[in-house]
Each structure stands twice: as C-alpha cells, then as structure tokens.
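Colleague: below: sequence and its predicted model.
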Amino acid sequence: MQGLRAAPPAAAFFFLLLSELLLPVAAAPGAERELNPSSRLAAGAARVALHYLNFQTASPGALQALGQVRKATLKSIPNSGHKYYLQFTTEDYKSGENAGSCLATVLYPKTKSPPVVNIKCMHTKDQKQIQEEDNTLYRKIKHQTKPIMGNNIPDSYGNIEPALEPVWALAVAGSSYIMWEKSTENLGYFMTQVKSVKQWIRKDDFIEFDYTILLHEIPTQEIISCHMRLTWLPGRPLKVKYFCAPENQGLEDGSGMESGSAAGILREGGANF
C-alpha cells in the first residue's frame, strides 16, 4: 500500500485537476501524448478494458480488477475519437493477489457507441484451475433444491455469505457488460452492491438470474440502479439484458440487450501490440 503524501496547495491542485480534465480536448489530431499512469483518465480507460475482458471471458473464476497502470498514451484519431494505449497489471478480483499484466487499446468513439476495446493479457492463474472453479461454482448453483434468493450483497459491513459468493461473482461478470457499454471518456463505473437476486429454475443446463444491482458512477458520485437478467453455462458466452436508472428515479427501459458473443461486442477490427 502506498504511503500518504502531503496534499498540494489548493491552487496547484486546481490547475493539476484542470489540466487533466482538459487533456483529451487539448490533444491535436493525430498527436500522441504520454499520460501520467496514475491519472484518472489512464485508470478509467484501463478499467473499461477490464470490464470488457471480464464479460467476454464469461468466467467467474477468471475475474480481474485493476492493479497498477504502468504506461498510458493518448492519441486523437481524426474522425474517430480518442484512443488510449495502455500497459497495466491486474489483480484477482476475489483474493486481490497478482493476476498478471495486460496490453490494451481503448477507443472512445465520437458517436454514442460503446468504447472499442482490444486487450491481451498474460495470466498467472492456471487455466485448469479457473475451469475447475467455474465448474464447482456451476454445480453448487445447479444442485440447489430451491431457487437462490438474496438481498444486499455485500451487507452494510462489506460481508458476503459464503452461499451467496457464486451469485456475487456472476453479478460482477454480468455487470461488466453494462459498465463497459455505459462508460465514456469522462464517466466510469464500479458495481457496489447486489440489492436483490432471484434464480429462475430452468429445465436445460443454463443458469439464469434476475438481479437488481447498484453502480457507482465516477466522478458524478451518482448511484445507478440496474435490473439485469443473466444467463450462463461454463464455457459459453454470458447473455445479459438490462435497463438502468438513477436510484432516486423509477427504472426505465435502457439500451442494453446483448448476447455474449465476441462478434456482437467487438465492432471494430483488432489492434496490433
């Protein structure tokens, strides 16, 4: 854990923040600019890449969180938008242990389309171990004699009942799709809580849940409430449908209905690393 640093004078802090906020706008077309790896913009783009990865991987056992951004570059692409080139480390979402490192590009289009992400990672976790964890989680849910139901996960003390950990892990994977699609260059998201969850019993092999989840929007500090229907089978893409609204409003129909196929998500060609 990094030690605390003395706060800069108020005026200096203001100009530092202002320069960071204006940085994407100030980038000349086609120009590249090195970013401070610890800046909000760099960290935000890296998290967008991981949201995309966590959903596309569709594996509760392989969930990753951002460790540390090592390098970040911003490029303004004429007629397209701002593109970030990133190197960063990752942590295991559950244990917080080192999970590997990634190279990624994140393009924020000028249109209202979701960010275009290309990401490649080197993982420390063994693939067989991940598959075993996913299969164990799947069997634990599938063999329930009664539908799983729960509220306020984690609770107000940050605790998650062991029996509900699989439900939480799937919520993280599914919400990653929502957070990826809703993210912009200036807005990012964290999932903070599963307000409620209900399992739907199916006759086929798939697992299906209805969730109400809360997303924390950065930097507005708004809490966004989303209804999410999630369908999963190990080794298959996640299927997610959702609609969202701020917590103080009624839930209204939103834009996100997406099966988990990579072709459906990746709307633009690959990047070279």
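Modeller: Yep, that arrived.

Colleague: can you show me the strands along the stretch 1-150 of the chain?
Modeller: 32-35, 64-77, 81-92, 98-109, 116-123, 149-153 (DSSP state E, counting those that start in this stretch).

Colleague: contacts for the last one, please.
Modeller: By CB atoms under 8 Å, 6 or more residues apart in numbering, the surrounding residues in contact with strand 149-153 are 160-161, 164, 167-168, 171, 193-199. Yep, even glycine has a C-beta here, placed from its N, CA and C like the rest.

Colleague: quick one: strands adjacent to that strand?
Modeller: Strand pairing for strand 149-153, determined by DSSP bridges: strand 188-200 (antiparallel).

Colleague: how far away from the center of its chain is the strand it pairs with?
Modeller: 13 Å (CA atoms, centre = their mean, to the nearest Å).

Colleague: with stretch 40-55 instead?
Modeller: When C-alpha coordinates are averaged (CA atoms, centre = their mean), stretch 40-55 and its chain have centres 6 Å apart.

Colleague: state the mean pLDDT of it.
Modeller: Summarised as a single mean, pLDDT over stretch 40-55 is 96.

Colleague: okay, that stretch in PDB with CA atoms only?
Modeller: What follows is stretch 40-55, C-alpha atoms only, in PDB (Å, rounded to 0.1, in the frame of the first residue of the first chain):
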ATOM      1  CA  ARG A  40      -8.000   9.400 -13.600                       C
ATOM      2  CA  LEU A  41      -8.100   9.100 -17.400                       C
ATOM      3  CA  ALA A  42      -5.500   6.300 -17.600                       C
ATOM      4  CA  ALA A  43      -7.100   4.300 -14.800                       C
ATOM      5  CA  GLY A  44     -10.500   4.800 -16.200                       C
ATOM      6  CA  ALA A  45      -9.500   3.500 -19.600                       C
ATOM      7  CA  ALA A  46      -7.800   0.500 -18.100                       C
ATOM      8  CA  ARG A  47     -10.900  -0.300 -16.100                       C
ATOM      9  CA  VAL A  48     -13.000  -0.100 -19.200                       C
ATOM     10  CA  ALA A  49     -10.700  -2.600 -20.900                       C
ATOM     11  CA  LEU A  50     -11.100  -5.000 -17.900                       C
ATOM     12  CA  HIS A  51     -14.900  -4.600 -17.900                       C
ATOM     13  CA  TYR A  52     -14.800  -5.700 -21.500                       C
ATOM     14  CA  LEU A  53     -12.400  -8.600 -20.700                       C
ATOM     15  CA  ASN A  54     -14.400  -9.800 -17.700                       C
ATOM     16  CA  PHE A  55     -17.600 -10.000 -19.600                       C
END
